[in-house]
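Enquirer: Model the following, please.
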Amino acid sequence: MDGICTLANDIVYEQVVALLNSIEAIYGQEMPVCIYPYDDNTAKITAEIAHRPQVQLYDDRESIQRWDEFVCQIWDAHPIAQEKWLKLGKDKYYRVGTHRRYGAFDGPFDRFVYMDADTLLMSPLTEIFNKLNDYDWVVYDFQYTDLSHVYDKSSAKLAEIFTPQELETKIFCSGFYGSKKGVFDVKLRESLLEKLRQGEAQILYDMAPDQTILNYMVMRSGIYSYNLALELPESQKTGCCVTSEHFAAQNNILYDQGNKLTYIHYIGLSSKLFNKVCAGENIDFPYRDIFLHYRYLHEPDKRPKFTTKPKVYNAPPSLTTKVLKKLGLAGRGK
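Expert: Purely as a prediction, here's the structure:
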């Protein structure tokens, strides 16, 4: 069975509703969805999906605990991550809940597409699922242009583990990918963990913990992967990120130079922003109307009605710089 997965708790409730509605706008209730819980704060989501028979909240506690333990063991092997996180006032393990998306490798779908909660589906995922007939990993993003948010570029060991070509072409964003159940079985996980304990953990980028581990797992396993951003003809490629200003909206679908986006990723925008806007605060951000359309698709009467001049949302400078560096390429917003 094919399905779509996401990761969420009630903090991103508004975004999850928008994502689920965008999926329904394309597939109706024919596409099953599984939500992986970031933590136990899921009361609002549970109530919401009670009216959506195609949506389930993942509740395999053994699977969740198994992946939690796996990633904690990985970070136990990292030379400086935990020391760094504690200095920042963080817990010993940073954002462990983000790794719970890995439960999809145990979950209900034989093949799945994972989408972050801050994404909206713009097109059917036919091409992604078709490619999963031949590949175990399919992505569509431009993360390969920025290694720094996936691995520690200063680590000399990086060049010992991966070839320059791999580092230039195999990097991907953990916000959207297609894969299959059982890709990372117990034997493979133990093998990877042993390599990390032998010193390879030093290449991991500790401030994007789920993304760096996922990239390592895929690349170190030699999984057969495919990136549409590298393989599609130039005339058919689209961007996917909110940092691109040139997307055109038509009938609540975004287009990049005449081509429908597969998805739009509101990366770098805080969940607090979406919550404030949904509460009626008139704050502008890129493609806000698209988000609001899908958030209130089934309850348009509840959509905020703004009468004042909108305030411009300004992300913290460091985050803005990070996002633009990570995603912003002229002509193709990554």
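Enquirer: What is the burial count for the closest residue to Ala208 other than its chain neighbours?
Expert: Of all residues not flanking Ala208 in the chain, His149 sits nearest, at 5.5 Å (Cβ to Cβ, 6 or more residues apart in numbering). C-beta: built from backbone N, CA, C; applies to glycine. Residues lying near His149 (other Cβ atoms under 10 Å) number 20.
Enquirer: Could you tell me which strand of the chain is the longest one?
Expert: Identified as the longest strand of the chain according to DSSP state E is strand 2-8.
Enquirer: Need the contact partners of the next helix or strand after it.
Expert: Of the helices and strands lying after strand 2-8 in sequence (DSSP states H and E), the nearest is helix 13-27. Outside helix 13-27, the residues that touch it by Cβ atoms under 8 Å, 6 or more residues apart in numbering are 4, 6, 8, 31, 33, 35, 44-45, 48-49, 52, 55, 115, 117-124, 252, 266, 271, 274-275, 278, 291, 294-295, 297-298.
Enquirer: Helix 13-27 vs strand 2-8, what angle?
Expert: Inter-element angle recorded for helix 13-27 and strand 2-8: 170 degrees (by axes from the mean of the first three to the mean of the last three Cα atoms, to 10 degrees).
Enquirer: following helix 13-27, which helix or strand shows up next?
Expert: Remark: after helix 13-27, the chain's next helix or strand is strand 33-37, criterion DSSP H and E.
Enquirer: Show me what the helix or strand following that next one is in contact with.
Expert: Downstream of strand 33-37, the next assigned helix or strand under DSSP H and E is helix 43-49. The contact list for helix 43-49, computed with Cβ under 8 Å, 6+ apart, reads 8-10, 13, 16-17, 20, 35, 55-57.
Enquirer: and if we set it to 10 Å?
Expert: With contact meaning Cβ atoms under 10 Å, 6 or more residues apart in numbering, helix 43-49 is reached by 8-14, 16-17, 20, 33, 35, 37, 42, 55-57, 117.
Enquirer: and what of stretch 289-300?
Expert: For stretch 289-300, contacts defined as Cβ under 10 Å, 6+ apart pick out 14-25, 51, 118, 120-122, 242, 247, 249, 251-254, 264, 266, 269, 274, 277-278, 285, 287, 302-304, 306.
Enquirer: just the buried members of those?
Expert: Burial by neighbour count, 16 or more other Cβ atoms under 10 Å: within these this picks out 14-25, 118, 120-122, 242, 247, 253-254, 264, 266, 269, 274, 277-278, 285, 287.
Enquirer: Would you mind measuring from Pro53 to Gly258?
Expert: To Gly258, Pro53 is 36 Å away according to Cβ to Cβ, to the nearest Å.
Enquirer: From the opening residue of stretch 248-267 to its closing one, how far?
Expert: 18 Å (Cα to Cα, to the nearest Å).
Enquirer: scratch that, stretch 125-140
Expert: Where stretch 125-140 starts and where it finishes are 11 Å apart, if you go by Cα to Cα.
Enquirer: Next, the buried residues of that stretch.
Expert: Judged by neighbour count (16+ other Cβ under 10 Å), stretch 125-140 contains these buried residues: 125, 128, 131-132, 135-140.
Enquirer: a markdown table for those residues, including pLDDT?
Expert: Shown next, in a markdown table, are the buried residues of stretch 125-140 (pLDDT from 0 to 100):
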| residue | pLDDT |
| --- | --- |
| Leu125 | 98 |
| Ile128 | 98 |
| Lys131 | 98 |
| Leu132 | 98 |
| Tyr135 | 97 |
| Asp136 | 97 |
| Trp137 | 98 |
| Val138 | 98 |
| Val139 | 98 |
| Tyr140 | 98 |
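Enquirer: and of those, the nearest to Asp76?
Expert: For the buried residues of stretch 125-140, the closest approach to Asp76 (Cβ to Cβ) belongs to Trp137, at 26.2 Å.
Enquirer: can you give me phi and psi for the nearest residue to the closest one once chain neighbours are set aside?
Expert: Of all residues not flanking Trp137 in the chain, Ser225 sits nearest, at 3.8 Å (Cβ to Cβ, 6+ apart). With angles defined as degrees, to the nearest 10, Ser225 sits at phi -120, psi 160.
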